[in-house]
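**Q** next input, structure requested:
(2 chains)
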Amino acid sequence: MDLNYSAEEMAFRDEVRAWLKDNLPDALRYKVVNYEELTKEDLLRWQKITAERGWGAPDWPEEWGGTNWTIVQRHIFEEECGYAGCPPRIPFGVAMCAPVLHKFGTQEQKQRFLPGMYNGDVFWCQGYSEPGSGSDLASLKTSAVREGDSYVVNGQKIWTTWAQHADWIFCLVRTNTDVPKRQQGISFLLMDMNTPGISVRPLMLMDGGHEVNEVFFDDVRVPAENLVHEENDGWTVAKYLLGYERLGTGNTGASKREVLRVKELAAQQSKNGRPLMDDPRFRDRLSRVEVELMALEITNLRFLDQMRGGRAPGAEVSLLKIRGTEIQQALTELMLEAVGPLAQPFRSLRATDFDQHTASIAPRYCNYRKTSIYAGSNEIQRNIISKASLGL
Amino acid sequence: MNFDYSEEQHLLAQSVRQFLTKEYTFAARQAIIESDQGYSEQVWATFAEMGLLGLPFASDVGGFGGNAVDLMPVMEAIGDGLIVEPYLASVGLGGQLIARGGSQAQKQEILPALVTGQCKLAFAQTEREARYNLAHVACRAEKTAHRYTLEGEKCVVLHAPCADKLIVSARTTGPATAADGISLFVVDRNAPGVTLTPYRTIDNLRAADVRFAGTVVPAEALIGQEGQALPLIEAVVDYATALVCAEAVGAMQFANDTTLEYLKTRKQFGVPIGSFQALQHRMVEMTIIFEQAKSMTCLACVKADSADADERRRIISAAKIHIAEACRHISQEAVQLHGGMGMTEELKISHTFRRLTMIAQTFGDADHHLERFAACG
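**A** As a prediction, this is how the structure comes out:
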């Protein structure tokens, strides 16, 4: 048993670290570590910077720009990016639609869409959830009816992250309602967001941020060539993609940075004339989160070690998602408590730099309630472990 | 990076498990714990034959030079089988104190006999007022000419009744909680002035309160330098803490496996109770906690012998915080999901429950280690 990275892996980590130090723009890092909203340009800019280095989509096949890294190298890259404070990768193109195109797309579709994702020229979003279809995704109703060379799409998607920025959307739509099982009759369709009949309505969240939207489809004509995989077999695609969506959700790199932030805040705040960090009640709760994070880091490595032989990720990914998000949420909560009464001023009313510093904490806490809900709620993840790992 | 056991570690673990499955059945264990001695000489002899007793010791005393990771699969098997023989006390504590701090003569006298099963050890450290503070030693040793005289009392000395020798911490100078002034002595269990009050523990081990009244030992009984034993005690207790974490992992694995089996076979309302989501999610939580506990145990065993004492303290305490809470959670849930049957003496899970309950507090509970972890920065 050896928990250390190999010499090659250490060298790779140093290389990534050095590159991030030189290439992560301060302005982007500042926004990330201070929880400020990233613009479309910010997000695409980071994709462009990684693309220029040839690291725009490490897990893609090499012919399309993949790096041919080992699973451990990919993990190291993600950890280092998280720890350094890089903007999140816009997942919907490079990390979600692209794997689908690699697996199910035609050569024409790959050539048409993949370069724009890689180079950060085209912004993608994901049209999965509907008002009546959350965890029960297969009940979706947005319809696509074939008319000549087009599909005519009607219906509504919801929780569409960054739809306000998006140039394209990939959607699950119902192409057949006359089926014995709801999982049948679903298709995977790509749409240009500029197509007439598509409209986007913001759903403002309690932190004051605009992240998610409703997207409405009103007689939207989509060329039939934008269908990926077979008509009515989109559920196969959806299941494949859900596996990808849960990957990398441990986010231990970013959480390690947040632990340092909590310690910094708790050292600045005082309680009874002493730093809050020395208060045993507060310190114990932070320690428990630190320990859970240490364990998760090792658990993550253990799973990578098992997967190294080429085994596909299974239900253990759900474990990483559950614990990873619990830790992220616990850290936002500790920050909220660390700043005490100073958590109250809302950031739009901020007056001084110090207010700015603490005023982003409560919104962040509010915003991070999303992590146990999105990408398959933690309850759904428990169902997956129960069924797939435990056979219950 | 590699989380697999080596071929040798794997084979050893396999032979231990085979032996335990065949010879150390639940019924056989019941007979052992109800016997007068409370352990089996035959099992102990088999452990010696299998090389388990020599695993971590140097080859010049008949050992195999193994590290904490080598002992990890053995401890997991011990946790799984709820072994009551004094493995941790002899090999993990007493033997380590001698191997790391003892003179050449002490090593040659004690360790070869330990490796062959001829000598069992117990560590007499805990005192009534000490809780988990290793520096709290009120028991005194007065030096006169070429000997020491011991006065005082140790409590809950695990496996003292069967031990041939006790390793005793006693204070040669200073007040009861000073870091300086603690010394270690090898004392024959049958020496004049040593009185044992033996009893059974809740998890069916044997232990004793040990009283020293005018107990005289020669100067050669001192382990290492007089008054400077605390760093050695701390290092060995950290090492043993990593081992007891591995024992817990074995016991928790059993608790989870047997509970899952129960959920699949026990029927109520005409269906297996494992079909109820309220129970499924609890079983999932037990699974997650187990995986996390296993990760922390790997980390603890890898770092148990770290030359960097600060790093060692921090990791061992982190592991014990996690294991303590995992022991409580998994043992309580396992009994709850078994319903009334989980309460009974005749089901192994109730024994595993008791062992896990005690491991949670062995070498410090979560609060103790939270304090120590925080002090590490």
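
**Q** tell me which helix or strand in chain B has the weakest average pLDDT.
**A** helix B:7-23 (a mean of 92; mean pLDDT, DSSP states H and E).

**Q** chain A too?
**A** helix A:353-359 (a mean of 65).

**Q** helix or strand: which one has the closest residue to chain A within the stretch 251-377 of chain B?
**A** Using C-beta to the nearest C-beta, the single residue of the stretch 251-377 of chain B nearest to chain A is B:Ser295, 3.6 Å away. (Each C-beta comes from the backbone N, C-alpha and C, glycine too.) Element membership for B:Ser295, per DSSP states H and E: helix B:277-303.

**Q** report all helices and strands that that helix contacts.
**A** helix A:280-307, helix A:316-339, helix A:378-384, helix B:68-81, helix B:230-265, helix B:309-338 (3 or more C-beta pairs under 8 Å, 6 or more residues apart in numbering or on different chains; DSSP states H and E).

**Q** Throw these into JSON lines and include distance to B:Leu166, mean neighbour count and mean pLDDT, thanks.
**A** Shown next, in JSON lines, are these (distance: least, C-beta to C-beta, whole Å; neighbours: other C-beta atoms under 10 Å in any protein chain shown; pLDDT from 0 to 100):
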{"stretch": "helix A:280-307", "distance to B:Leu166": "34", "mean neighbour count": "20", "mean pLDDT": "94"}
{"stretch": "helix A:316-339", "distance to B:Leu166": "43", "mean neighbour count": "22", "mean pLDDT": "95"}
{"stretch": "helix A:378-384", "distance to B:Leu166": "49", "mean neighbour count": "20", "mean pLDDT": "94"}
{"stretch": "helix B:68-81", "distance to B:Leu166": "22", "mean neighbour count": "25", "mean pLDDT": "96"}
{"stretch": "helix B:230-265", "distance to B:Leu166": "14", "mean neighbour count": "23", "mean pLDDT": "98"}
{"stretch": "helix B:309-338", "distance to B:Leu166": "25", "mean neighbour count": "23", "mean pLDDT": "98"}
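
**Q** so which of those gets nearest A:His357?
**A** Nearest of the helices and strands packed on helix B:277-303 to A:His357, taken as C-beta to C-beta: helix A:316-339 at 8.8 Å.

**Q** so how far is the closest one off the chain centroid?
**A** 15 Å (C-alpha atoms, centre = their mean, to the nearest Å).

**Q** who's in contact with the least confident helix or strand of chain B?
**A** Contacts of helix B:7-23 with the rest of the structure, by C-beta atoms under 8 Å, 6 or more residues apart in numbering or on different chains, involve B:4-5, B:43, B:46, B:50-52, B:55, B:69-70, B:72-74, B:76-77, B:80-81, B:83.

**Q** same thing but at 6 Å, please
**A** When contacts are defined by C-beta atoms under 6 Å, 6 or more residues apart in numbering or on different chains, helix B:7-23 is touched by residues B:70, B:73-74, B:77, B:81.

**Q** tell me the two of the residues you listed that are most distant?
**A** Every pair of these checked by C-beta to C-beta; the farthest is B:Asp70 and B:Gly81, at 18.4 Å.

**Q** circling back: show me the contacts for the residue of the stretch 251-377 of chain B closest to chain A.
**A** B:Ser295 neighbours (C-beta under 6 Å, 6+ apart): A:295, A:298-299.

**Q** can you put those residues in TSV and add distance to chain B?
**A** Formatted as TSV, those follow (distance: C-beta to the nearest C-beta, whole Å):
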residue	distance to chain B
A:Ala295	4
A:Ile298	4
A:Thr299	4
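
**Q** all strands for the stretch 51-200 of chain A, in order.
**A** Using DSSP state E, counting those that start in this stretch, the strands found in the stretch 51-200 of chain A span residues A:124-127, A:143-147, A:150-158, A:168-174, A:186-192, A:198-203.

**Q** mean neighbour count, these: which tops it?
**A** Neighbour counts (mean count of other C-beta atoms under 10 Å in any protein chain shown) averaged over each of the strands of the stretch 51-200 of chain A peak at strand A:124-127, with a mean of 26.

**Q** quick check: mean pLDDT of it?
**A** For strand A:124-127, mean pLDDT rounds to 97.

**Q** tell me the helix or strand right after the least confident helix or strand of chain B.
**A** helix B:26-34.

**Q** so which elements touch that next one?
**A** The helices and strands touching helix B:26-34, judged by 3 or more C-beta pairs under 6 Å, 6 or more residues apart in numbering or on different chains; DSSP states H and E, number zero.

**Q** same thing but at 10 Å, please
**A** helix B:7-23, helix B:41-50, helix B:68-81, helix B:348-359 (3 or more C-beta pairs under 10 Å, 6 or more residues apart in numbering or on different chains; DSSP states H and E).

**Q** please work out which of those helices is packed deepest.
**A** The most buried one of the helices and strands packed on helix B:26-34 (mean count of other C-beta under 10 Å) is helix B:68-81, showing a mean of 25.

**Q** show me what that one is packed up against.
**A** By 3+ C-beta pairs under 10 Å, 6+ apart, helix B:68-81 packs against helix B:7-23, helix B:26-34, helix B:41-50, helix B:87, helix B:230-265, helix B:277-303, helix B:348-359.

**Q** can I get these in TSV with distance to B:Ala160?
**A** TSV is the format used below for these (distance: least, C-beta to C-beta, whole Å):
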stretch	distance to B:Ala160
helix B:7-23	25
helix B:26-34	17
helix B:41-50	16
helix B:87	15
helix B:230-265	16
helix B:277-303	26
helix B:348-359	16
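
**Q** what's the closest of those helices to A:Cys366?
**A** helix B:277-303 (25.6 Å).

**Q** point out the residues in the stretch 51-200 of chain A that sit beside chain B.
**A** Contacts of the stretch 51-200 of chain A with chain B, taken as C-beta under 10 Å from any C-beta of the partner chain, map to A:Val72.

**Q** low-confidence ranges, the stretch 51-200 of chain A, go.
**A** The model of the stretch 51-200 of chain A has no residue with pLDDT under 70.

**Q** what angle separates the helix holding B:Ser295 from helix B:68-81?
**A** 150 degrees (axes from the mean of the first three to the mean of the last three C-alpha atoms, to 10 degrees).

**Q** now the residue of the stretch 251-377 of chain B closest to chain A, nearest residue through space, not along the chain?
**A** Leaving out its chain neighbours, the residue that sits closest to B:Ser295 by C-beta to C-beta, 6 or more residues apart in numbering or on different chains is A:Ile298, at 3.6 Å.

**Q** list the contacts of the one you found.
**A** A:3, A:252, B:3, B:291-292, B:294-299, B:302 (C-beta atoms under 10 Å, 6 or more residues apart in numbering or on different chains).

**Q** what about the residue in the stretch 101-250 of chain A that chain B sits nearest to, neighbour count?
**A** Closest to chain B within the stretch 101-250 of chain A is A:Gly250: 11.8 Å, counting by C-beta to the nearest C-beta. When neighbours are defined as other C-beta atoms under 10 Å in any protein chain shown, A:Gly250 has 29 of them.
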